[in-house]
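> here's my sequence, what's the structure:
(one chain, ligands or ions: 2)
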Amino acid sequence: MTSYRITLLAGDGIGPEITAVARTLLEAVSARHGFSLQFDPQPVGGAAIDATGEPLPANTLAACRAADAVLLAAIGAPRFDALPREQRPESGLLALRSGLGLFANLRPVKIIPALAAASSLRPEVIEGVDLLVVRELIGGIYFGTPKGRIEMDGGVRAFNTMVYTDHEVDRIARVGFRLAAGRRGRLCSVDKANVLDVSQLWRDRVEAIHAEFPAVELSHMYVDNAAMQLVREPRQFDVLLTSNLFGDILSDEAAMLTGSIGMLPSASLGSEGPGLFEPVHGSAPDIAGQDLANPIAMVLSAAMLLRVGLQQEAAAATLETAVDRVLAAGYRTGDLLMGEGCTRVGCQAMGEQLLAA
Ligand code: NAI
Ligand code: MG
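Ligands and ions are numbered 1, 2, ... in the order given. Down below sits the predicted model:
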């Protein structure tokens, strides 16, 4: 029987609660689909600082590197808020992403019919939305140098540098085209080529890589227009390909089309080694330990792990079908809008319903 090693990073806040649900479901779904999963729980974030003094202990990173895939819940605890940025739990997340070379961040945005009323947009605008944001994660203006703040001419000057190499654009473009080829075959590359030199290179390289994927239809859109089109007519998009900064902003905007942060999964991939799968939301300290968290974003992240990380498509679909069924049956955690005939449930009870489904 095929067996996979999964490093399990429960992290902080609601992390342990939603991780328990995801683990139970992964065990059930792997047994049904004829493969086995070995879970290796490791400390990260605030929990790791308490245990070892570091947000990303060397052992945790080594375990992640040796795994077939990594499932992370969330990192961040308010009791560390007074510390400098590099000593806080969240710095463990950045170290993990760069330590695993995860340059591609994937955020699917899909409207679940039973929850369409939760969106801030009208149901007829968002009905049927099914798009994927592919964001470059370890380059661009967030990492470019020089950066800093200096005093000059009696004033202050602060600066960052937006920089991409052809190699960095090519590898993220290939991820975008490959994923588009497996979906509806349309890639929209987002840039600001009318103003930025970096975007001009971005556009040139995306055009060049397009030759490797002739079956995919390529379009280009300026980022300001993309922000507008996402709320005007989001159904027009299949895959959106973006740089780090533009993708940070547009993926949050796209995510909110669904109306709930507790529903959204993500994947981060490198060119080799394991991918990292995690919900988009944080550690939700305001509801931690109260059995109030929505485990669905974590469960859908586990489904992405199965599909993208382990190529276990059927098992991924089983998890997603369970989510659809439980929502259609009216079960709602506290973050989800209640409708007629809906039943309020906690994290654990939601997990039990998902398992039954
Ligand atoms: P957050 O996403 O943790 O919470 C925002 C709001 O959404 C809160 O009211 C929370 O209760 C609610 N919420 C989030 N996830 C939920 C779920 N699964 N079910 C029900 N309600 C949910 O963002 P916030 O409050 O800005 O950050 C809290 C901590 O999480 C901070 O330390 C932050 O740095 C960290 N964080 C970590 C991320 C990660 O690990 N990838 C991402 C975002 C924030
Ligand atoms: Mg963001």
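> mind giving me the domain ranges of the protein?
Taking automatic domain parsing as the criterion, the chain consists of the domains 1-108+260-357, 120-258.
> ends of the first one, what's the gap?
Between the opening and closing residues of domain 1-108+260-357 lies a distance of 25 Å (CA to CA, to the nearest Å).
> same question for stretch 34-54.
The stretch stretch 34-54 measures 38 Å between its terminal residues, going by CA to CA.
> ok, stretch 48-67 next?
Across stretch 48-67, the terminal residues are separated by 19 Å (CA to CA).
> give the bridge partners for the residue sitting nearest the centre point of the chain, please.
Closest residue to the average C-alpha location of the chain: Ser266 at 2.1 Å, with CA atoms, centre = their mean. Ser266 has these beta-bridge partners by DSSP bridges: Glu278.
> where does it land on pLDDT?
According to the predicted model, the pLDDT of Ser266 comes to 96.
> start at 301 instead
Shifting the count to begin at 301 puts that one at Ser566.
> hang on, the earlier thing: between the domains of the chain, which one is nearest to ligand 1?
If you check each of the domains of the chain against ligand 1 by CB to the nearest ligand atom, domain 301-408+560-657 wins as the nearest, at 2.2 Å. Quick note: C-beta positions are derived from backbone N, CA and C, even for glycine.
> for Thr465, phi and psi?
In this entry, Thr465 is assigned phi and psi values of phi -90, psi 160 (degrees, to the nearest 10).
> show me what contacts the nearest residue to it once chain neighbours are set aside?
Nearest in space to Thr465, with sequence neighbours left out and distances taken as CB to CB, 6 or more residues apart in numbering, is Gly439 at 7.8 Å. By CB atoms under 8 Å, 6 or more residues apart in numbering, Gly439 lies in contact with 403, 463-465, 468, 543-544.
> and for Phe477?
Taking CB under 8 Å, 6+ apart, we find Phe477 in contact with 487, 509-510, 512-513, 516.
> now do 10 Å
For Phe477, the contacting residues are 434, 485, 487, 489, 506, 509-510, 512-516, 518, 539, 541, taking CB atoms under 10 Å, 6 or more residues apart in numbering as the criterion.
> check Ala567 too.
Residues near Ala567 by CB under 10 Å, 6+ apart: 369, 402, 404-408, 432, 575-578, 601, 604-605, 607-609.
> next step: those residues restricted to helices.
Using DSSP state H, 601, 604 are the members of the contacts of Ala567 that sit in helices.
> quick one, strands of this structure?
Secondary structure of the chain (DSSP state E): strands at 303-311, 336-341, 369-374, 404-410, 430-436, 448-452, 455-459, 486-491, 517-522, 539-542, 565-569, 575-579, 631-632, 643-644.
> hang on, the earlier thing: keep only the contacts of Ala567 that also lie close to ligand 1.
Among the contacts of Ala567, the ones lying near ligand 1 by CB under 6 Å from any ligand atom are Glu578.
> state the distance from Ala622 to His520.
38 Å (CB to CB, to the nearest Å).
> go on, Ala322?
Applying CB to CB to Ala322 and His520 gives a distance of 38 Å.
> looking at the two, which one has more neighbours?
Set Ala322 next to His520 and count neighbours by other CB atoms under 10 Å: Ala322 wins out with 28 against 17.
> that one is in contact with Ala602, isn't it?
Yes: under the contact definition of CB atoms under 10 Å, Ala322 touches Ala602, with a separation of 4.6 Å.
> overlap of the contact sets of those two?
Counting by CB under 10 Å, 6+ apart, the common neighbours of Ala322 and Ala602 are 371, 577, 579, 595, 619.
> pick the one among the residues you listed closest to His333.
Leu619 (10.3 Å; CB to CB).
> what about the closest residue to that closest one other than its chain neighbours, neighbour count?
If the residues on either side of it in the chain are set aside, Leu619 comes closest to Ala603, at 4.1 Å by CB to CB, 6+ apart. Using other CB under 10 Å, Ala603 has 28 other residues around it.
> what residues does this structure have near ligand 1?
Applying CB under 6 Å from any ligand atom, we find that the chain lies next to ligand 1 at 314, 374-376, 390, 393, 561-562, 578, 581-587, 593-594, 597, 635.
> show me where this structure has its helices.
Across the chain, reading from the start of the chain, the helices by DSSP H fall at 315-333, 346-352, 358-366, 390-399, 423-426, 466-481, 497-510, 523-532, 544-555, 596-604, 613-628, 647-656.
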